[in-house]
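K.L.:
just a sequence and a predicted model for now, questions to come.
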Amino acid sequence: MASPSSTQDAQSRFGPLIFAVPKGRILDEALPVMERAGLVPESAFYDKLDRSLSFSTTDDAAHIIRVRAFDVATFVAFGAAQAGIVGSDVIEEFDYPELYAPVDLGIGACRLSVAEPRQPVEYKYGNPSHLRVATKYPALTSRFFEERGIQAECVKLNGAMELAPSSGLAGRIVDLVSTGQTLRSNGLVETEVIMQVSARLIVNRAALKTDRRVADLVDRFRAVAENRKAA
Ligand SMILES: Nc1ncnc2c1ncn2[C@@H]1O[C@H](COP(=O)(O)OP(=O)(O)OP(=O)(O)O)[C@@H](O)[C@H]1O
Ligand SMILES: O=P(O)(O)OC[C@H]1O[C@H](OP(=O)(O)OP(=O)(O)O)[C@H](O)[C@@H]1O
């Protein structure tokens with residue numbers, strides 16, 4: 001643990017440590033992990049009517065910001081936040097060299113998969129021999145198909161990918177799958193798994209080198225993750 005004086009030095013040199021968390025579905029699982037690592041947001045964080053995006057915490061030196069899942073990686077890569085929690089899907093999609101993901105938190109487990117209609121459909125648009133894929137993950141999707149010698153045209157969507165095949169937008173989708181319920185409910189079947197996904201603690205590499213509080217945070221989260229694994 002960083003000593004109080006080194007924390008104060010870092011505080012006066014760098015200002016508060018900014019920790020980015022995703023607004024969406026990882027958050028419920030992330031909060032108990034953060035709590036065990038000594039990062040508890042002020043009560044306004046839990047107030048659904050509160051429109052603030054930045055919150056103080058029980059750790060005087062740290063603030064929490066709440067952003068969209070994909071933006072957690074961007075804030076941390078650009079040093080606008082020193083650390084955060086995000087899915088490995090997002091880390092791999094951006095592949096920012098400035099990001100370091102030292103701790104697998106063992107939460108947010110799912111997989112990124114290719115899926116297609118259970119029943120072949122007649123496509124309204126495009127050439128059927130041309131592979132068009134609807135996804136929120138164009139970089140991972142292009143890389144996956146390129147490695148197999150297939151050129152895929154990616155149509156970037158931000159949600160509801162499962163509608164793409166039935167509406168004729170794209171023959172396949174690449175999306176996150178957990179229970180498989182969303183695929184089943186929309187007449188799709190999973191054909192290939194691109195990667196297994198879990199949420200990670202991420203830190204900005206430069207901040208880790210210069211700000212002792214970041215290394216301390218990594219130690220605290222690592223201890224929590226190891227305890228969870230051992231339990
Ligand atoms: N079905 C799932 N099961 C477990 N984890 C998931 C699942 N879907 C997504 N995740 C994890 O949660 C993260 C956020 O999920 P998602 O992209 O669905 O965000 P969201 O909650 O819809 O937020 P946003 O509106 O910012 O896109 C993903 O990057 C992934 O790591
Ligand atoms: O296999 P399942 O357990 O059904 O989970 C898969 C669904 O979960 C995610 O969506 P989410 O619910 O986060 O909504 P989104 O479409 O806004 O991303 C993902 O995009 C799938 O649609």
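P.N.:
Now that the structure is in, tell me what you want to look at. Numbers count the residues shown, from 1 in each chain. Ligands and ions are numbered 1, 2, ... in the order given.
K.L.:
got the buried residues for the longest strand along the chain?
P.N.:
Assignment by DSSP state E gives strand 188-197 as the longest strand of the chain. For strand 188-197, burial by neighbour count (16 or more other C-beta atoms under 10 Å) applies to Leu188, Ile194, Val197. C-beta coordinates here come from the backbone N, C-alpha and C atoms, glycine included.
K.L.:
strand partners (parallel or antiparallel) of it?
P.N.:
strand 110-117 (antiparallel) (DSSP bridges).
K.L.:
what pairs with the following helix or strand past the strand it pairs with, parallel or antiparallel?
P.N.:
Going down the chain from strand 110-117, the next helix or strand is strand 131-135, by DSSP states H and E. Strand pairing for strand 131-135, using DSSP bridges, gives strand 152-156 (parallel), strand 172-177 (parallel).
K.L.:
now the buried residues of strand 188-197 as CSV including pLDDT?
P.N.:
Shown next, in CSV, are the buried residues of strand 188-197 (pLDDT from 0 to 100):
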residue, pLDDT
Leu188, 98
Ile194, 98
Val197, 98
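K.L.:
which of those residues sits closest to Ser54?
P.N.:
Set against Ser54, the nearest of those by C-beta to C-beta is Val197 (27.3 Å).
K.L.:
just checking, that closest one touches Gly108?
P.N.:
Yes - counting by C-beta atoms under 8 Å, Val197 touches Gly108, with 6.9 Å between them.
K.L.:
would you map the helices across this structure?
P.N.:
Per DSSP state H, the chain carries helices over the ranges 4-14, 26-36, 69-77, 88-94, 138-146, 181-185, 205-210, 212-230.
K.L.:
for the ones you listed, which one ends up most surrounded?
P.N.:
Compared across those, helix 69-77 shows the largest average neighbour count, a mean of 22 (mean count of other C-beta atoms under 10 Å).
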